[in-house]
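[1] Compute the structure for the input listed below.
(chains A, B, C and D)
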Protein chains: 2
Amino acid sequence: MGKITMKDVAKHAGVSVATVSNVINNISNKTTEATKQKVLSSVKELNYKMDMTARSLSIGKSNLIGIFIPEVYENSAPSSLLKTNPFYSEIISGIEYEARMLGYDILISCIHSIDHALELVNKRMLDGLAILGTYDTRFWEDLKLVSVPIVLIDNYNYEAVGVNNVGIDDELGAYLATKHLTTLGHKHIAFATSEVGISEVNEKRFIGFKRAIKEAKLDQIACPVIIEAVSFKGGITIGHRLLKDHMEVTAVFAIADIMALGIIKIMHQFGRKIPEDLSIIGFDDLSICEYTFPALTTIRQDIYKKGVEVARLLIKKIDGELGLKSQELPVELIVRETTKSILR
Amino acid sequence: MGKITMKDVAKHAGVSVATVSNVINNISNKTTEATKQKVLSSVKELNYKMDMTARSLSIGKSNLIGIFIPEVYENSAPSSLLKTNPFYSEIISGIEYEARMLGYDILISCIHSIDHALELVNKRMLDGLAILGTYDTRFWEDLKLVSVPIVLIDNYNYEAVGVNNVGIDDELGAYLATKHLTTLGHKHIAFATSEVGISEVNEKRFIGFKRAIKEAKLDQIACPVIIEAVSFKGGITIGHRLLKDHMEVTAVFAIADIMALGIIKIMHQFGRKIPEDLSIIGFDDLSICEYTFPALTTIRQDIYKKGVEVARLLIKKIDGELGLKSQELPVELIVRETTKSILR
DNA sequence: TGTTTTCTCTGACATGATTAATTATAACTT
DNA sequence: AAGTTATAATTAATCATGTCAGAGAAAACA
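    The predicted model follows:
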C-alpha cells in the first residue's frame, strides 16, 4: 500500500484534484457544500494526510520555523548552549508550543556563522527565524543578508539590522536587584558580569546597577565590577576572586542566575554562610533556582512566555503584518532566601 | 532577484540541469572533470543552495529527523518536559550535534498521541524518529503503525514493537548506588521512585536496589519504597514524607537526580544536615548536579553521549543497515558530597 | 426559447530536483 | 574512413500539491 495522495482522494470522491485542493485549503465560494462533504469524508476514510513537502514546493512556504542557537566550544570540543544553559530549553519550549498552536513546526540547529544560517534558510525554505544567544558583530551585520523574518531575544541592536526583538527592561531589572540590596543596608555590593561592552544587555544592566548605587549614595569604588564568563564556571571563578580580593563585599548582584549558583557553590565550600555572610541576587529566575538551597533571590522574567511572544511576533511577521513593535516583557523582583538585611 | 535554482546554475555553466544534479550529488562516472569544475564554479559564483524541499519530494526522503517529547499537563496547562527536565535538553543536544554531522536536520515537537506522531511523519516526510520519555501502553502498541525507523531511549519494550533503543544498565546502576550506601554502613535505606510498574526502567532499578539490600543482609522492611512523581515536586513530597513517617531512614536512593534535589531542599528547610543526618544518592548526573550544594553523589550516565548514539543508530537504520543492536551505555558511580559513612 | 450571468469544477502548467531512457560525442578498431 | 564501443550530456517523465484560465452547467432574465 503506497502513499495516499490527493489523487487518491479525488478518485475516491469522484472529483478532480483541484477540487480536493480547494476543499482542503478551505477556499470559499469554490465548492458546494455537497461536494465539500464528499471530499471531506473521503479524506477521513482514506486517512489522507497532506504532504507539506509538495505543498511547500508549490507555494514557496514551508510552515517551518528555524530556531538557531550559537555553537560554542568547550574544552575545544563543539558544544551547544542548549546542553549547558537551561535558559535555552525554557525559551525553546515556549516557542515550540505557540508555533505548534499556530500551525508551524520547529527546526532546531546550532549554527556558527551567517553562511550556515543562510544555507539552512534556503535548503529548508524556512519561513522565519528565532535567533537565540550572542554572536560577534560581523554576524549581526550580515543578518541583513537573510531574507526571511527574524525575531531576536534580548538584543538591542535589532533596529539597526531591521529585525524585531523580544526582551525585557534590563536596566529596570538590574536597578530593582541592586535597589533591593541597598535597601537591605548593603554598602559594598559587587557586580558580577561578563565583559560589559560585549552586549547591550550587559550594558543596560550595568547602567541599572550604577543608578541604584548612586541613588543610595554608595561609594562606587567600594562596589567592584568583577568580570568572568556568564556560566557556572564563571561564577566559580568569581567566587574565588571575591574571597581573595574582596572580603569587604557583603552582597553580590550576579548578571545571571547560572553565575550566582557558581558563586554560592564556592561560598558554601569555604564555609561562608548565605545569606548571613553574603547576600546574593541573580537574574532570570531559571526554574532550577527553586531547586537550590538556599533558594535564589532573583529578578524574574517569564522565559517561557518570552518564547511564546517570540513565536507570535515571528508568525505575525511571516503573515505579512506590518508595523509590528518589538516586545518588552515585565521583570519582577523575587525575594527568596539568598538575600538578607545587614542592618542591626 | 529571485531564487537561484539548478536551472540558473545549468544556464550559467552551459549544461543541462541533469548534469548539474549529477555533479552536486557526486555521482561518479557521469561527468568529466572539466564540466564538473565548470558546474562547481558556477555553483559558487551564483551562491546556489539546493532546495531540500524539492529534493525531498523527488526522492521521497527529507533528511529530517523528528524528536518527539511527551506533552504533559502541569496545573491543567499544557507544558513540555523540555521546559522542566534538563535531561531532555542534554539528550537533544547530543542528537542534534551528531545528526547535523551526518547531514540531517532536526524537527522537534511535543506530541500527545500516536496520531499526532503519524501526522507529523507523513506531513513532513520525516526519515526517522527519536522518541523521548514515557507514554501509555496504547502508545507503544500503536507505534507499529509508524513506518519509519525509530529509536527510543531507556525503553525495555522496544523489541516487542520492533524498534531500537539506547539505554543503560539500569539494574547495575541502581545496584551500584545502593551498594555504595550499604558499604557506608547504612541500614535503613529508602528508595524514592515513581510507580515501579509504570516503566521497565523503574522495575530494573528496583531490582538492582533489592539485590544490593539483600546482599548486605538488610531487613527489607526497614527499607521503605516511597512513591511520588519523578520531578522536583515529587522530591519535595518525598522529603516531607520522610520527615513524617521515616525518621529511622539514614540514606535515600532517589531514582532521578531531579527528585533527589527536591528531597535535599526539604531537608535543608527543616534543618537536617546533608550528608551528616541523611545521605542521598541520585541517578543521571544532570549537569545541574554540580551546581547544587552539597554536590550530589549520583550514578552517572553520559546523557549527551546517549543522544549522539541515538542519532547514529537512527541514521544507520535510515540508511538501511540491518541487524543493528540496541545500545547499552555504561554507568558509573560518582561520589560527591551528599553521601557519608554512618560508621563510627 | 434564447441569451446572459453566475457558479462549480476541471485541465494544464508550475514548483525544483532526480533519474531512466535517449541521443550526442569521443575513442578505438580494422 | 567506416563501424563499433564506451562515455558524456540531454530530454522528458516524475514526485504531490497549488493556481488560474476557461469549460460546462445551472440559474436568471428578456
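[2] only C-alpha atoms for contact and neighbour calcs from this point on.
    Noted.
[3] Okay, domains of chain A per the record?
    Listed domain ranges for chain A are A:6-50, A:64-168+A:304-329, A:170-300 (source: automatic domain parsing).
[4] ranges for the helices of chain A?
    Assigned helices in chain A, in chain order: A:6-13, A:17-24, A:33-46, A:52-59, A:81-84, A:86-101, A:114-124, A:137-142, A:170-183, A:200-215, A:232-245, A:257-269, A:303-318 (criterion: DSSP state H).
[5] Dump these into TSV; add distance to chain B as well.
    Putting those into TSV (distance: least, Cα to the nearest Cα, whole Å) gives the following:
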stretch	distance to chain B
helix A:6-13	13
helix A:17-24	14
helix A:33-46	13
helix A:52-59	5
helix A:81-84	5
helix A:86-101	5
helix A:114-124	5
helix A:137-142	15
helix A:170-183	22
helix A:200-215	23
helix A:232-245	7
helix A:257-269	6
helix A:303-318	8
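[6] Any idea which of the ones you listed gets closest to B:Ala10?
    Smallest distance to B:Ala10 across the helices of chain A (Cα to Cα): 18.3 Å, for helix A:114-124.
[7] Residues in contact with stretch A:105-117: which ones?
    Applying Cα atoms under 8 Å, 6 or more residues apart in numbering or on different chains, the contact partners of stretch A:105-117 are A:63-72, A:80, A:96, A:99, A:139, A:142-143, B:96-97, B:100, B:105-109.
[8] make that stretch A:126-137, sorry
    Outside stretch A:126-137, the residues that touch it by Cα under 8 Å, 6+ apart are A:61-70, A:88, A:120-121, A:148-153, A:199, A:310-311, A:314-315, A:318.
[9] Return the set of residues that bridge with A:Leu107.
    Counting by DSSP bridges, A:Leu107 is bridged to A:Gly66, B:Leu107.
[10] Below-threshold pLDDT in the stretch 51-200 of chain A: ranges please.
    Low-confidence segments of the stretch 51-200 of chain A (pLDDT under 70): A:160.
[11] which bits of it sit near DNA strand D?
    Neighbours of DNA strand D within the stretch 51-200 of chain A, by Cα under 7 Å from any atom of the strand: A:Asp51, A:Met52, A:Ala54, A:Arg55, A:Leu57, A:Ser58, A:Ile59.
[12] so the first one makes contact with B:Lys123?
    Looking back up the chat, that one is A:Asp51. Yes: using Cα atoms under 8 Å, A:Asp51 is in contact with B:Lys123, at 4.6 Å.
[13] Please say which of the two ends up with more neighbours.
    Here A:Asp51 and B:Lys123 are compared on neighbour count by other Cα atoms under 10 Å in any protein chain shown; more neighbours surround A:Asp51, at 20 against 16.
[14] what's that one in contact with, if anything?
    A:Asp51 sits in contact with A:Thr5, B:Asn122, B:Lys123, B:Arg124, B:Met125, where contact means Cα under 8 Å, 6+ apart.
[15] can you pick the most crowded of those?
    B:Arg124 (25 neighbours).
[16] Find the nearest non-adjacent residue to that residue, please.
    Closest residue to B:Arg124 apart from its sequence neighbours, by Cα to Cα, 6 or more residues apart in numbering or on different chains: A:Met52 at 5.8 Å.
[17] Let me see the contact set for the residue of the stretch 151-300 of chain A found nearest DNA strand D.
    Closest residue of the stretch 151-300 of chain A to DNA strand D, Cα to the nearest atom of the strand: A:Val151 (25.6 Å). Counting by Cα under 8 Å, 6+ apart, A:Val151 makes contact with A:Leu129, A:Ala130, A:Ile131, A:Val163, A:Asn164, A:Asn165, A:Val166, A:Val310, A:Leu313, A:Leu314.
[18] So the fifth one sits against A:Tyr156, correct?
    No: with the criterion set as Cα under 8 Å, A:Asn164 and A:Tyr156 do not qualify as a contacting pair; they are 9.6 Å apart.
[19] In a markdown table: the domains of chain A, plus distance to B:Pro224.
    What follows is these, written out as a markdown table (distance: least, Cα to Cα, whole Å):
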| stretch | distance to B:Pro224 |
| --- | --- |
| domain A:6-50 | 50 |
| domain A:64-168+A:304-329 | 33 |
| domain A:170-300 | 24 |
